[in-house]
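Undergrad: Please work out how this folds:
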Amino acid sequence: MQRRSFLHLTLAAPGLAVAPSFASMVQGGTGESRKSLLVRAGADSTNRPFEFLDATFTVKVSGRDTQGRCVIFDTLRREKVGPMLHLHLNLDEWFYVLDGEFKFQAGAEIMRLNAGDSLFVPRNMAHAFVKISEGPARLIVMHQPAGTMEEYFRIVSAMPDQRPEARKALAEKHDTRFVGPPLKPD
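TA: Numbers count the residues shown, from 1 in each chain. Below you'll find the predicted structure:
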């Protein structure tokens with residue numbers, strides 16, 4: 001019985017670490033409740049989903065909804081592509097795999113994540129990922145604080161030239177530094 005309680009606490013610990021900061025996003029400084037945000041399945045909180053790197057991004061929680069504390073994207077990945085190896089100077093990034101399988105690099109470590117797995121990447125750590133499973137896959141991505149990641153993704157998604165060289169200067173203006181090539185799916 002004690003072992004089971006310990007295991008449950010161990011599994012819940014990552015969520016508990018995030019809970020105080022997430023709770024502060026939906027409460028005022030005095031603890032009073034502000035406004036909840038309901039975004040239905042398949043919907044975008046801004047009513048403006050967009051395409052980037054062969055993925056559909058729906059904004060579940062905009063930085064405007066959290067006073068800049070975080071932004072959360074639900075991404076539908078169809079192709080076996082991913083971002084350049086990059087780092088964020090002033091924000092952390094969290095990933096949660098809903099469907100499919102992904103290969104991730106965080107620092108020097110290469111790992112595979114399946115549905116239900118999550119990965120936290122602290123600021124200034126180089127990271128990249130690529131979908132490796134067949135068929136569509138879904139990945140939740142959160143940046144904390146939100147910074148200007150939503151704006152960056154919207155601008156680059158509208159650019160006619162999607163090559164990394166064309167995006168590099170804009171990425172730098174939005175707290176993102178390209179430091180290497182994208183991962184290959186295997």
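
Undergrad: Show me the residue at the heart of this protein, geometrically.
TA: residue 141 (1.8 Å; CA atoms, centre = their mean).

Undergrad: got the phi/psi numbers for the nearest residue in space to that residue that is not next to it in sequence?
TA: Nearest residue to residue 141 in three dimensions, chain neighbours excluded: residue 73, at 4.7 Å (CB to CB, 6 or more residues apart in numbering). The C-beta positions use only the backbone N, C-alpha and C, and glycine is treated the same way. For residue 73, the backbone dihedrals are phi -110, psi 140 (criterion: degrees, to the nearest 10).

Undergrad: dump the residue contacts of residue 73.
TA: By CB atoms under 8 Å, 6 or more residues apart in numbering, the contact set of residue 73 is 57, 58, 59, 60, 140, 141, 142, 150, 153.

Undergrad: tell me which residues in the helix or strand hosting the fifth one are buried?
TA: If you go by DSSP states H and E, residue 140 is part of strand 137-144. Within strand 137-144, the residues that qualify as buried are 137, 138, 139, 141, 142, 143, 144, counting by 16 or more other CB atoms under 10 Å.

Undergrad: ok, the fourth one to residue 38 distance?
TA: In this case it means residue 141. With the distance defined as CB to CB, to the nearest Å, residue 141 ends up 20 Å from residue 38.

Undergrad: do the same with the second one
TA: Here the criterion is CB to CB. By it, residue 138 lies 19 Å from residue 38.

Undergrad: Okay, domains of this protein per the record?
TA: Structurally, the chain divides into domains by automatic domain parsing as follows: 1-36, 41-180.

Undergrad: got the ones you listed as TSV, with distance to residue 186 columns?
TA: Listed next are the domains of the chain as TSV, based on distance: least, CB to CB, whole Å:
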stretch	distance to residue 186
domain 1-36	28
domain 41-180	6
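
Undergrad: Pick the most buried one from those domains.
TA: Greatest average neighbour count among the domains of the chain goes to domain 41-180 (a mean of 17), per mean count of other CB atoms under 10 Å.

Undergrad: Could you tell me how far that one lies from the centre of the chain?
TA: Put simply, domain 41-180 sits 5 Å off its chain's centre (CA atoms, centre = their mean, to the nearest Å).
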